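1. what follows is a predicted protein model with its sequence.
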Amino acid sequence: MPLNFVLFLGALLFCAGLYTVITKKNTIMVLVGVELMLNAANVNLVAFSRFDAVGIQGQVFALFVITVAAAEAAIGLALVVKVYQHFQTANIDEINELKG
Amino acid sequence: MIDLHEILTFNSSPFMYLVLALMAVPLFSFFTTGLFGKKAPLWASFLLLLNTGLAVYLLLTNIHAELQNFRGQWFQLGNISITLNIMVDELMLIMSVIVNFISLLVHVFSMEYMKHDKRLSLYYRYLGLFTFSMMGIVLFYDLLLMFVFWELVGLSSFLLIGFWFEKKSASLAANKAFIMNRIGDAGFITGLMILFTQFQSFDLEAIKTLMLLSEIEDGNWIVHFMNNGEQVFNSIDGRWLSAAGIALFCGAVGKSAQFPLQIWLPDAMEGPTPVSALIHAATMVAAGVFMLARIFVILDAQALEVVAIVGAVTAFMAAIAALSQFDIKKVLAYSTISQLGYMVLAMGIGAYSAGLFHLITHAFFKAGLFLSAGIIIHQLHALEDKDVSFDPQDMRVMGGLRKHMPKTFFAFLFCALALAGLPGFSGFLSKDAILLNLSAWTDHKGGGFYIPEVLAFATVIFTAFYTFRMIFLVFFGEFRLPSLIQDAKLKALPKDGNAKLMVPALLLGALSLSLWFGFTLEAEGSWLYHLIETPVFLVPVSYAATSLIDIPERYFEALHTIIPAVSIGFAFIGFVLAYLAYKPGAKLEKAFVNRREPVGPLGQISFYHWYQDSLYTKIILPFILLLSRCLAWFDAQIIDRFLDGLAKLAVVLGHVTKWFDKYFVDGLVNLTATTSGKVGQLTRSIQSGKVQTFVVMSFVFLLLILLLLMF
């Protein structure tokens, strides 16, 4: 399987994640989009791992990413819960305290 | 060569504070009397009593002591130091006793006289201020300080003449007195300037010392001395020497009511009568004569001639004016002017001792006359009520008061006899001394200088005439008031006043006797006359007058018997004339009551005081008004126009700067503000607060950076 296909898949996943992050109103959906983008990066890492002459550095790194993503998701969800408790909403458009 | 600083040595001693207390006590009275309300008269009189005691003590302890003077620095201007100098000499000691003593009597007298006045304490404060300023003139041996107190005396005189300022005539009289004095003071200042230019000091001792050293060379008045190590060489035209004397004399003309400025004194009678006694008879008007005595030795022959002639003319004019007055205070006022004329005349002929002797005797008998007249006025005023109204100063309502007010009669009579110059009374001694010296002076000078003598002797007759006229009209005959008021009935007849009124008047009446001044019929036998020795003139020889001391004794020998005889004879003529004209039941006495003003041109001239007032209002006043109108026009048309132009220019300039400010300066500031506002708006809009926008933006910029790195 040529490398191009895999890279296209990664780009597609990344675009889908980005789209989700940008457009979704719900905070949880935004987190889901972030996960998609991380996985797009993982696909690329694994794909490039084939050209590693020494070992499987790309695959190991992907594992690290998955671990960190899990932690990130846990913290993110906790934050979402707190934000919801505070603002009584999970709609990201309404949480705009930083407006200048 | 003498150094000015050697003359102006500073010295002081504890004794100085005792002398200064003479001034400080009346000043203290001025400041504190207001606090005592109803008790003010008592407090002020108590302080004055203390001061009189002090003055008498100083007189008794120092009269034969050496001259003492105390000097200190007032301030320094470059090389010129202005000093304060107090001289303790006979003149100062005697004057301080007289001023304080008469002031004390007036304080006591006023307790009763001013009892019902609503500004009683203010009145006493003014008296304190007056006594303080008068003591300043007497104490300071320094022309500048003398001038300062001279003005203060003028101020207190103004305040006291205008004390009843609700009366229009009183406030006008106060103004008149002040303005007339100002005219004289302009002369005083001129004299000060001339002397200061020449001698660089106001200190009389320095002036006298340097005057003695100055010389006349080729018609120039030269003085040569050292000042602070620098040589000073002043040379001005010799006529300035005479000018200085005459200019200083102008001050005395104003203050001592001499021709041509004497017209303020009759009007000054608008003040309370005790004030007239103190200020306008005994002390303040004598300040001019006192000042002449202080500067006597620096007057040159010409200035002294002017002084003598002015004095003689004044004495004569005022004596004429006193002949026909209705108002008792007016008679006394004109008589005061006339007697002051005698004193000034005496100074002018060089009869220093005689002039000052007359000042002292006159102070007592004239104050006594005014206080007695004050009692009459006060007691008559008490008779006025809503039905009966008359002028209590008018002699037409009096008459026959001898029976009703015997004590007042005696006080008045004694003083009046002294005024008329009858032997046995003080006025005789002093007037005789003046006449004697005048005769010797005339004989010595010759030429046209017999005129002052003629005037002075004529004045003797007139003085006796108006004095006895006054006595006959006031004290003899029938009491005219009841017949004048017709229907209305008097509630009582006038009677002597209480002790507060009588004691001062009787005391002054007693002091009019000559025995206090020595058992003698000639001034030379009097102890007081010898106490005041005539000093020697200090002006350069060619300008100096012949001193009476230098006149050979033979001139006097014949005069010693003839002059007293002539003056007694003249006084007697005056008495006889007055008796014939104004004895009870005489023709003039009867006509007098119904007359509005004297008939005939001579009577009119007398009554209107030679029309001097009208002359001033008709001729001099229009001229001055014209001048002031010219100046007003100049002020309005030239100076104001110029200032208006400047103001307009300033306004135009203001508009220009305002426009520049508004459009340039403000514009720049606004531009800056708007720009930063707009930039702020722009950057603010990016901060939408939407997280997703931030994400998009980060992504876009990341891409842009990547593109940048790739290409």
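-> Right, received. Where do you want to start?

2. what count of nearby residues applies to B:Ala44?
-> 29 (other Cβ atoms under 10 Å in any protein chain shown). The C-beta positions use only the backbone N, C-alpha and C, and glycine is treated the same way.

3. residues of chain A that sit close to chain B?
-> A:18, A:21-23, A:30, A:92-93, A:95-100 (Cβ under 8 Å from any Cβ of the partner chain).

4. can you rerun that using 7 Å?
-> Residues of chain A lying close to chain B (Cβ under 7 Å from any Cβ of the partner chain) are A:Leu18, A:Val21, A:Ile22, A:Ile92, A:Asp93, A:Asn96, A:Glu97, A:Leu98, A:Lys99, A:Gly100.

5. which of those fall within helices?
-> A:Leu18, A:Val21, A:Ile22 (DSSP state H).

6. mind listing what's buried in stretch B:607-626?
-> For stretch B:607-626, the buried set under the neighbour-count rule, 16 or more other Cβ atoms under 10 Å in any protein chain shown, comprises B:Phe607, B:Tyr608, B:His609, B:Trp610, B:Gln612.

7. do the same with stretch A:5-25
-> A:Val6, A:Gly10, A:Leu13, A:Phe14, A:Gly17, A:Leu18, A:Thr20, A:Val21, A:Lys24.

8. what parts of chain B come near chain A?
-> Counting by Cβ under 7 Å from any Cβ, chain B sits next to chain A at B:Arg684, B:Gln687, B:Ser688, B:Gly689, B:Lys690, B:Val691, B:Gln692, B:Val695, B:Val696, B:Phe699.

9. give me the three-state assignment for the residue in the stretch 1-150 of chain B positioned nearest to chain A.
-> The stretch 1-150 of chain B approaches chain A most closely through B:Phe75 (73.4 Å), counting by Cβ to the nearest Cβ. At B:Phe75 the chain is in strand, as set by DSSP: H, G, I helix; E, B strand; the rest coil.

10. once you drop chain neighbours, what's closest to it?
-> B:Ile82 (5.4 Å; Cβ to Cβ, 6 or more residues apart in numbering or on different chains).

11. let's have the ones in helices among the residues of chain A next to chain B in a markdown table, adding pLDDT and distance to B:Thr32.
-> Compiled in a markdown table, those are given as follows (pLDDT from 0 to 100; distance: Cβ to Cβ, whole Å):
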| residue | pLDDT | distance to B:Thr32 |
| --- | --- | --- |
| A:Leu18 | 92 | 102 |
| A:Val21 | 91 | 99 |
| A:Ile22 | 90 | 98 |
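
12. give the bridge partners for B:Gln76, please.
-> B:Ser81 (DSSP bridges).

13. that one and B:Phe10, how far apart?
-> To B:Phe10, B:Gln76 is 12 Å away according to Cβ to Cβ, to the nearest Å.

14. and if you look at B:Asp640?
-> Here the criterion is Cβ to Cβ. By it, B:Asp640 lies 51 Å from B:Phe10.

15. and for A:Leu38?
-> In terms of Cβ to Cβ, A:Leu38 sits 107 Å off from B:Phe10.

16. and if you look at B:Lys329?
-> Applying Cβ to Cβ to B:Lys329 and B:Phe10 gives a distance of 47 Å.

17. what does B:Thr283 give?
-> 31 Å.

18. try B:Ile376
-> Taken as Cβ to Cβ, the span from B:Ile376 to B:Phe10 is 53 Å.

19. what about the two, which has more around it?
-> B:Ile376 (25 against 13).

20. pLDDT wise, what is whichever residue of the stretch 201-350 of chain B sits closest to chain A at?
-> Of all residues in the stretch 201-350 of chain B, the one sitting closest to chain A is B:Asn228 (81.7 Å; Cβ to the nearest Cβ). Here the pLDDT value assigned to B:Asn228 is 80.

21. list the contacts of A:Tyr19.
-> Residues near A:Tyr19 by Cβ atoms under 7 Å, 6 or more residues apart in numbering or on different chains: none.

22. among the residues of chain A next to chain B, which ones are buried?
-> By 16+ other Cβ under 10 Å, the residues of chain A next to chain B give A:Leu18, A:Val21, A:Ile92 as buried.

23. so B:Thr190 sits right up against B:Phe249, yeah?
-> No: counting by Cβ atoms under 7 Å, B:Thr190 stays clear of B:Phe249, with 10.8 Å between them.

24. quick one, which of the two is more surrounded?
-> Under the neighbour definition other Cβ under 10 Å, B:Thr190 and B:Phe249 were set side by side, and B:Phe249 has more, 28 against 17.

25. stretch B:478-497: which residues count as buried?
-> B:Phe479, B:Arg480, B:Leu481, B:Leu484, B:Ile485, B:Pro494, B:Asp496, B:Gly497.

26. make sure the first one is indeed in a helix.
-> Meaning B:Phe479. No: assessed with three-state DSSP, B:Phe479 is coil; it does not lie in a helix.

27. how close does the closest residue to it other than its chain neighbours get to B:Ala420?
-> Among residues not flanking B:Phe479 along the chain, B:Gly400 sits closest, at 4.2 Å (Cβ to Cβ, 6+ apart). Look at B:Gly400 and B:Ala420: by Cβ to Cβ, they are 21 Å apart.

28. for these two, indicate the residue with more neighbours.
-> A count of neighbours by other Cβ under 10 Å puts B:Ala420 above the other of B:Gly400 and B:Ala420, at 26 against 19.

29. how about the strands in the chain?
-> As the question left the chain open, I've gone with chain A. Using DSSP state E, chain A contains no strands.

30. actually, chain B is the one I wanted.
-> B:68-77, B:80-88, B:215-217, B:220-227, B:230-237.

31. can you tell me which of those is most buried?
-> With neighbours defined as mean count of other Cβ atoms under 10 Å in any protein chain shown, these peak in mean count at strand B:80-88, which reaches a mean of 20.

32. and B:Leu49, how many neighbours does it have?
-> 15.

33. how about it, what does it touch?
-> Contacts of B:Leu49 by Cβ under 7 Å, 6+ apart are B:Leu104.

34. same thing with A:Ala62?
-> So A:Ala62 contacts A:Asn42, A:Leu45, A:Val46 (Cβ under 7 Å, 6+ apart).

35. so which of those sit within helices?
-> A:Asn42, A:Leu45, A:Val46.
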